[in-house]
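Novice: Pasting the sequence and the predicted coordinates here, then a few questions.
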Amino acid sequence: MSHDIAEPGHGHSPAAWTAVVIMLLAVAIGTTAYYFDLPWLVWASAGLLVVGAIVGWIMARIGYGVGGAKYTSKGH
């Protein structure tokens, strides 16, 4: 594999990490709520899952996504 090819970033950005953490928390809460038979909390966690995706999208739009103005790439 050639190292001359520019990588797309694979989501290693503050926007992506924030979205993933929020959405992972939502899934963990939803799974626990489902186990304890708390339907209102299952639905609330589903809403939080959507919020996580929206937060990631907003952060990417304001420059914290890969290639954004406020994002600095870290070397491997």
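Specialist: Perfect, thanks for sending it.
Novice: Relative to Ala44, how far out is Val51?
Specialist: Val51 is 10 Å from Ala44, where distance means CB to CB, to the nearest Å. All C-beta spots, glycine's among them, are computed from the backbone N, C-alpha and C.
Novice: Now the residue most central in space within the chain: closest residue in space, sequence neighbours ignored.
Specialist: The centre of the chain sits closest to Ala19, judged by CA atoms, centre = their mean, with a distance of 2.0 Å. In space, Ala19 comes closest to Gly56 once its chain neighbours are excluded; the distance is 2.6 Å by CB to CB, 6 or more residues apart in numbering.
Novice: so that neighbour is in which element?
Specialist: Assessed by DSSP states H and E, Gly56 sits inside helix 39-59.
Novice: list the helices and strands that helix packs on?
Specialist: helix 14-35 (3 or more CB pairs under 8 Å, 6 or more residues apart in numbering; DSSP states H and E).
Novice: Which positions in the helix it packs on come out as buried?
Specialist: Applying a neighbour-count criterion of 16 or more other CB atoms under 10 Å, one finds Pro14, Ala15, Ala16, Thr18, Ala19, Ile22, Met23, Ala26, Ile29, Gly30, Ala33 buried in helix 14-35.
Novice: Show me which of those residues is closest to Ser73.
Specialist: Set against Ser73, the nearest of these by CB to CB is Pro14 (11.8 Å).
Novice: The closest residue to the closest one other than its chain neighbours: neighbour count?
Specialist: Leaving aside its sequence neighbours, Pro14 sits nearest to Tyr64 (CB to CB, 6+ apart; 4.4 Å). Number of residues near Tyr64 (other CB atoms under 10 Å) recorded here: 19.
Novice: Surely Tyr64 and His12 touch.
Specialist: No - at 11.7 Å, Tyr64 does not count as touching His12 under the criterion of CB atoms under 8 Å.
Novice: where are the low-confidence patches of the protein?
Specialist: Applying pLDDT under 70 to the chain flags residues 1-11, 74-76.
Novice: can you pull the contacts of Gly30?
Specialist: Shown in contact with Gly30 (CB atoms under 8 Å, 6 or more residues apart in numbering): Leu41, Val42, Ser45, Ala46, Leu49.
Novice: out of the residues you listed, which is most surrounded?
Specialist: Tallying neighbours with other CB under 10 Å puts Ser45 at the head of the contacts of Gly30, with 21 neighbours.
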